[in-house]
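S.K.: sequence and predicted structure below; questions after.
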Amino acid sequence: MSEIIQFVGENINFIYLMVLMIFVGIELISHVPSVLHTPLMSGANAIHGVVLIGAIIVLGKAGNDDYLSLILGFLGVVVGTLNVVGGFVVTDRMLEMFKKKPKAPGSKS
């Protein structure tokens, strides 16, 4: 318990900064128009490929007996892969909205 209190005492400025970033992020995201929400989210999800690469590097550098690094690296790979695939699925669905619908046979114009 004393290690946690010491860690918080040494890093209190970073903790304040993190809390401030969370509040600013929530405020910014809540004011994004719905028209822009889908393209921004699909782009942000695609950027998570960097997380995927980082997790693969962690897995590659982890020793055989370093279970924490192996578990976190594996979870990073799984979550990063889901996020990247989800970003491309959202982008594909968004682009489908802009395709012209085929005309029914026998209709004029």
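M.R.: Thanks, I have it.

S.K.: where are the low-confidence patches of the chain?
M.R.: 34, 37-39, 41-43, 45-46, 106-109 (pLDDT under 70).

S.K.: may I have the host helix or strand of Ile4 exported as CSV, CA atoms only?
M.R.: In the assignment (DSSP states H and E), Ile4 maps to helix 2-10. Extracted C-alpha coordinates of helix 2-10, given in CSV (Å, rounded to 0.1, in the frame of the first residue of the first chain):
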residue,chain,number,x,y,z
SER,A,2,2.9,2.4,0.8
GLU,A,3,4.3,1.8,-2.7
ILE,A,4,1.0,2.9,-4.3
ILE,A,5,0.9,6.1,-2.1
GLN,A,6,4.5,6.8,-3.0
PHE,A,7,3.8,6.3,-6.7
VAL,A,8,0.8,8.6,-6.6
GLY,A,9,2.9,11.2,-4.7
GLU,A,10,5.7,11.1,-7.2
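
S.K.: next, the buried residues of that helix.
M.R.: Neighbour counts using 16 or more other C-beta atoms under 10 Å place no residue of helix 2-10 among the buried ones. C-beta here means a position set from N, CA and C on the backbone, and glycine is covered the same way.

S.K.: repeat that for stretch 69-76.
M.R.: Buried residues in stretch 69-76 (16+ other C-beta under 10 Å): 73, 76.

S.K.: now swap in stretch 6-25 and tell me
M.R.: Under 16+ other C-beta under 10 Å, stretch 6-25 has no buried positions.

S.K.: can you list the neighbours in contact with that stretch?
M.R.: Here stretch 6-25 makes contact (C-beta atoms under 8 Å, 6 or more residues apart in numbering) with no residue beyond itself.

S.K.: what's the domain layout of this structure?
M.R.: As recorded under automatic domain parsing, the domains making up the chain are 1-31, 34-95.

S.K.: how about these in TSV, adding distance to Pro102?
M.R.: Listed next are the domains of the chain as TSV, based on distance: least, C-beta to C-beta, whole Å:
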stretch	distance to Pro102
domain 1-31	37
domain 34-95	17
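
S.K.: ok so, going back, what's the first helix or strand after the helix holding Ile4?
M.R.: Next along the chain from helix 2-10, counting by DSSP H and E, comes helix 12-30.
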